[in-house]
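**Student:** have a look at this prediction, sequence included:
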Amino acid sequence: MFTGIVEAIGRVERITSKTVAIRASIIIDGLKLGDSIAVNGTCLTVKDINKASFAVNVVPETLRLTNLGSLKIGDHVNLERPLPVNGRLDGHLVQGHVDGKGIIECITHDTNALTININASSSIMRYIVRKGFVTVDGVSLTVVNCDDTGFSVTIIPYTKDNTVFYLRQTGDIVNLEVDIIAKYLERLVENDQL
């Protein structure tokens, strides 16, 4: 379980058809083989580790469903270790199970913040509500507005400076994870269990 509060930005060092290696100084501390780690909001398993980097397995389903399939050497990624059982829940409940991808439609500067409009499929938008939350590339964000085709979020200065949002541009593909509670409620309503 994750919170959507990014701990560090890593840099892609090596890519094969089955693994991605990421250089990351801060997040290496305490990381062990077999640990989960969220990379751009995608929960992956650490398969190799050294003093300056770690590697994770990637499978075809992950590459199809997320923006990890388009990573290149040198790209920056958001990183978060799982929430410890005795830890604080600062963001929201994030599984690291990406529901789909969105496309940044536009980025607008609003004094010291950014407003980002993201287009998403109807299968994602059915779970997005105004003032609800969504995870974008692993970052827990509040939805400002939404319609049937997309939504907007505001990026505060701290988040802009400490996540990959400082690099994002119009047309970029982002990973989206919606509220797990909304998905369970939908399932219960469909089955007349509420």
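**Tutor:** On my side now, so go ahead.
**Student:** residue for residue, what is the longest strand this protein has?
**Tutor:** The residue-count maximum for a strand in the chain (DSSP state E) belongs to strand 100-110.
**Student:** avg pLDDT for that strand?
**Tutor:** The pLDDT scores in strand 100-110 average 96.
**Student:** who does it pair up with?
**Tutor:** Neighbouring strands of strand 100-110 in its sheet, by DSSP bridges, are strand 113-119 (antiparallel), strand 173-177 (antiparallel).
**Student:** how does this protein divide into domains?
**Tutor:** When the chain is parsed with automatic domain parsing, its domains come out as 8-80, 100-190.
**Student:** Val46 and Gly34, how far apart?
**Tutor:** Applying CB to CB, to the nearest Å, the value for Val46 to Gly34 is 6 Å. Where you see a C-beta, it was placed from the backbone N, CA and C, and this is true even at glycine.
**Student:** who are the neighbours in contact with the residue nearest in space to the middle of the chain?
**Tutor:** In the chain, the residue lying closest to the centroid (CA atoms, centre = their mean) is Gly138, at 2.0 Å. Gly138 is in contact with 2, 4, 6, 38-42, 78-80, 94, 96, 175, counting by CB atoms under 8 Å, 6 or more residues apart in numbering.
**Student:** switch the cut-off to 7 Å
**Tutor:** Gly4, Val6, Ala38, Asn40, Gly41, Asn78, Glu80 (CB atoms under 7 Å, 6 or more residues apart in numbering).
**Student:** quick one: the strands in this structure, in order.
**Tutor:** For the chain, strands defined by DSSP E occupy the ranges 8-15, 19-23, 36-39, 42-49, 53-57, 76-80, 100-110, 113-119, 133-136, 139-146, 150-155, 173-177.
**Student:** can you tell me how far the nearest residue to Phe133 once chain neighbours are set aside is from Thr135?
**Tutor:** Excluding the flanking residues, the one nearest Phe133 by CB to CB, 6 or more residues apart in numbering is His92, at 4.9 Å. Between His92 and Thr135 the distance, using CB to CB, works out to 8 Å.
**Student:** quick one: which of these two has more around it?
**Tutor:** Remark: of His92 and Thr135, Thr135 carries more neighbours, 29 against 20, as counted by other CB atoms under 10 Å.
**Student:** may I see the buried residues of the longest helix belonging to the chain?
**Tutor:** The longest helix of the chain (DSSP state H) is helix 180-190. Neighbour counts over helix 180-190 (16 or more other CB atoms under 10 Å) mark Ile180 as buried.
**Student:** that one - what's its average pLDDT?
**Tutor:** Averaging pLDDT along helix 180-190 gives 87.
**Student:** where does this protein have low pLDDT?
**Tutor:** 193-194 (pLDDT under 70).
**Student:** show me what contacts Ile26?
**Tutor:** Glu7, Ala8.
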